[in-house]
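Enquirer: only geometry, no sequence info:
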């Protein structure tokens, strides 16, 4: 993989990289299109990274369909599909890790200790394997995007981070590989996550910018309309630092995580005032 | 710096990198010559990395002489001297670090907690700033070399690590920027560090390969001949993993750290049987 990228660089070509865990959906494809627009050579990786899953998380049941992914990549004009095995990525006696202490601490960092250490370590490794000029991540994982941007800044990776907007189902549910786990009833309740974000967005447009008021309105809506949703957090934070803000302003991130049954979903909105 | 290296790569040239903390001596110059031999473009960095010094260590009095270093680099055919300021290297709100949990735990890691986290973080940053094909480090910092090699493996840095042999004063003292701190009396005692390593080497040649016997012979010699030396550790370990060995074999590292007054010196030998 390194020598493919080096050859591209020597020919003056820009390498665009879309790291994924596979089971691709329209969200991933939109990231691939972004990479296609901004780079000459497009590399997609598929790697379900074990070290970003906690002991009680869904590593074993994470959905996989390599043949389908491969066909989708081909039809999107992906130049290289990079799918290393776990043994190729991690030595049995790996002892070096990348970690972040502040942007990763709140939100998903609370319920998933070690998650972002796993994400940063594998992203640092993949950057060094793929040597991209730009890397495209989804805004759906808003905190992940902020943590990776912080790593790129603090470790001086020569990689430009590009974020792709959230892609939604027709009814507004954010696309996720994990949506495949939802029963029909779960699925109909899941749509209320986005509706709660819409409610908050509407309130801000009407001048209600107090985070506490927005949060409680969102929780109320979820309680009423989707009683089986167990909210893990609603966070109203600065989109770069992930620090809580009391009053929403332009660029504030409203993010949430919730369980529907065993399935954990996340969604968010960057507020434009 | 990144664009200089990118231009070199695009012209098919190999970039060789020698990271230093300045106050260059013959040891550094030998590393520069190694880089000169194995690469087309030679980059030397001078950066006294604050985060690898503990609160009670010698950051403030670490010796500096930029003009002399610059002249030495010029006379050795260095192509680029890279000397970023602390503010350029570290954002005030840096939160991302690289750390290692095993190779860095013993030896110097015991007396200098956080030291190797600081070393790995700055080396990762410098690798991403300089984008070298090869990087040259000194064997004198044997544990540092092993920890950096582990990082390169575990984070897949596209950099070949080359080690340069220890360069010694005529009487055998390993060259170090910190030797400048030694008084005349300290200086005459310091030579016994190398003599203790020589003693162990001789014993191994005579078939005495038990680590315990070697260690106590070395300590005895130091006690007798250099009473002002306060030994911090003597370690007999595998040179890659830094795990202690009971019996010396080919490639075993014998390493020591000691204080002479306030000055901490290290030295080592890789045993060839």
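Expert: Happy to help now that I have it. The model shown is predicted, which means the values in this text are computed figures rather than measured ones.

Enquirer: Look up the pLDDT of the closest residue to chain B within the stretch 151-273 of chain A for me, please.
Expert: Closest to chain B within the stretch 151-273 of chain A is residue A:154: 3.6 Å, counting by Cβ to the nearest Cβ. In this view, the C-beta of every residue, glycine as well, is placed from N, C-alpha and C. Per-residue pLDDT puts residue A:154 at 98.

Enquirer: That one contacts residue B:92, correct?
Expert: No: taking contacts as Cβ atoms under 8 Å, residue A:154 lies outside contact range of residue B:92: 11.3 Å.

Enquirer: the more surrounded of the two?
Expert: The neighbour count for residue A:154 versus residue B:92, taken as other Cβ atoms under 10 Å in any protein chain shown, is higher for residue A:154 (21 against 5).

Enquirer: mind listing what the more buried one touches?
Expert: Residue A:154 is in contact with A:100, B:91, B:94-97, B:125, counting by Cβ atoms under 8 Å, 6 or more residues apart in numbering or on different chains.

Enquirer: Tell me the residue of the stretch 1-150 of chain A that sits nearest chain B?
Expert: Ranked by Cβ to the nearest Cβ, the top residue of the stretch 1-150 of chain A for proximity to chain B is residue A:96, at 3.6 Å.

Enquirer: which residues does that residue form a beta bridge with?
Expert: residue B:100 (DSSP bridges).

Enquirer: Hmm, it is touching residue B:149, no?
Expert: No: in this structure residue A:96 lies outside contact range of residue B:149 using Cβ under 8 Å: 10.3 Å.

Enquirer: These two: who's more crowded?
Expert: In terms of neighbours (other Cβ under 10 Å), residue A:96 is the more surrounded of residue A:96 and residue B:149; the figures are 25 against 15.

Enquirer: Buried ones in stretch A:218-237, by neighbour count?
Expert: Within stretch A:218-237, the residues that count as buried by 16 or more other Cβ atoms under 10 Å in any protein chain shown are A:218, A:221-222, A:226, A:229, A:231-232, A:234-237.

Enquirer: swap that for stretch A:187-201, sorry
Expert: A:187, A:189-197, A:199-201.

Enquirer: Over to stretch A:256-264?
Expert: Using 16+ other Cβ under 10 Å as the test for burial, stretch A:256-264 gives A:256-258, A:260, A:263-264.

Enquirer: try stretch A:109-125
Expert: Of the residues in stretch A:109-125, those buried (16+ other Cβ under 10 Å) are A:109, A:112, A:114-125.

Enquirer: who in the stretch 151-273 of chain A is up against chain B?
Expert: Listed as neighbours of chain B in the stretch 151-273 of chain A under the rule Cβ under 8 Å from any Cβ of the partner chain: A:151, A:153-158.

Enquirer: Just list the residues touching residue A:128, thanks.
Expert: Neighbouring residues of residue A:128 by Cβ under 8 Å, 6+ apart: A:2, B:155-158.

Enquirer: For it, which non-adjacent residue is closest in space?
Expert: Closest residue to residue A:128 apart from its sequence neighbours, by Cβ to Cβ, 6 or more residues apart in numbering or on different chains: residue B:156 at 4.1 Å.

Enquirer: if I read this right, the one you found contacts residue A:129, doesn't it?
Expert: Yes: Residue B:156 is within contact range of residue A:129, at 5.1 Å (criterion: Cβ under 8 Å).

Enquirer: Among these two, which residue is more densely surrounded?
Expert: Set residue B:156 next to residue A:129 and count neighbours by other Cβ under 10 Å: residue A:129 wins out with 23 against 19.

Enquirer: quick one: the helix or strand hosting the more buried one to helix B:115-130, angle?
Expert: Per DSSP states H and E: residue A:129 is located in helix A:115-130. For helix A:115-130 against helix B:115-130, the angle by axes from the mean of the first three to the mean of the last three Cα atoms, to 10 degrees is 40 degrees.

Enquirer: Which helix or strand lies directly C-terminal to helix A:115-130?
Expert: Using DSSP H and E, the helix or strand that follows helix A:115-130 in sequence is strand A:134-138.

Enquirer: the helices in the stretch 51-200 of chain A, which residues?
Expert: For the stretch 51-200 of chain A, applying DSSP state H, counting those that start in this stretch gives helices covering A:66-75, A:86-89, A:108-111, A:115-130, A:142-154, A:184-205.

Enquirer: buried residues in the fifth one?
Expert: Along helix A:142-154, the positions that meet the burial threshold by neighbour count (16+ other Cβ under 10 Å) are A:142-148, A:150-152, A:154.
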